[in-house]
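# Sequence first, predicted coordinates after that:
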Amino acid sequence: MLAADRLIALALMAFSVFVMWYAQRLPVGWEAETGPGAGAFPFWLGLGMLAASGAILARSFVTRPHSGETFIPDADAIPQILGVVGLLLGAIALIPLLGAYIALMLFLLAYLRLMGGHGWLLTGILTLTTPVFLFFFFEVTLKILLPKGVTEPLFYPLYAMFF
């Protein structure tokens, strides 16, 4: 498991450098009228991923976590892994039809309540607040429109308020 941690950290670091290099094909800095350039989000995301994977790699040499563990998951974990993969694929499939926000809400609802066994209060709070936060982050702050599918007309009043 320790070798897998190191290999995955190195692969993520290489991917992060590639994302940062490729993002610089677009403007990365602040544009006067439009906000951050189109390459800003991927560049900074790549930098954050590089720092996180570098920390994982450094930790593997300092504390040696997971040493002696096997990389293959237990048989009990496989249904949970398949469930999460199924939920993610279902959410991705629903994005063109229902939009990113409704698909995310359905994913969070199923993941937190069914897979995680969390209570209705926490599930409801996270299911409702996460898409709102993402709307303000992507669409209002970064001016990156996410797909909305059939829910597009519901966003017209918000567009009128913020754009």
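Cool, got the structure.

# Provide the secondary structure category for the residue in the chain sticking out farthest from the centre.
For the chain, the largest distance from the centre (Cα atoms, centre = their mean) belongs to residue 68, which lies 30.3 Å off. Classification of residue 68 using DSSP: H, G, I helix; E, B strand; the rest coil returns coil.

# again with the one 4 residues further on
Applying three-state DSSP to residue 72 yields a three-state assignment of coil.

# for the closest residue in space to residue 139 that isn't next to it in sequence, phi and psi?
The shortest distance from residue 139 to any non-neighbouring residue, by Cβ to Cβ, 6 or more residues apart in numbering, is to residue 145 (5.9 Å). To be clear about C-beta, it is placed using only N, CA and C from the backbone, and glycine gets the same treatment. The phi/psi pair for residue 145 (degrees, to the nearest 10) reads phi -80, psi 130.

# Residue 145 touches residue 135, doesn't it?
No - judged on Cβ atoms under 8 Å, residue 145 makes no contact with residue 135 at a distance of 10.1 Å.

# Between those two, which is the more surrounded one?
Neighbours per residue, other Cβ atoms under 10 Å: of residue 145 and residue 135, the larger number sits with residue 135, 18 against 13.

# Can you name the residues that contact that one?
Contacts here follow Cβ atoms under 8 Å, 6 or more residues apart in numbering; on that basis residue 135 touches 101, 146, 158.

# Which residue in those residues has the weakest pLDDT?
Ranked by pLDDT, the contacts of residue 135 bottom out at residue 158, which scores 89.

# Quickly run through the sheet partners of the helix or strand of the chain with the lowest mean pLDDT, with directions.
Among the helices and strands of the chain, strand 35-36 carries the lowest confidence by mean pLDDT, DSSP states H and E, at a mean of 80. Applying DSSP bridges, strand 35-36 is found paired with strand 30-31 (antiparallel).
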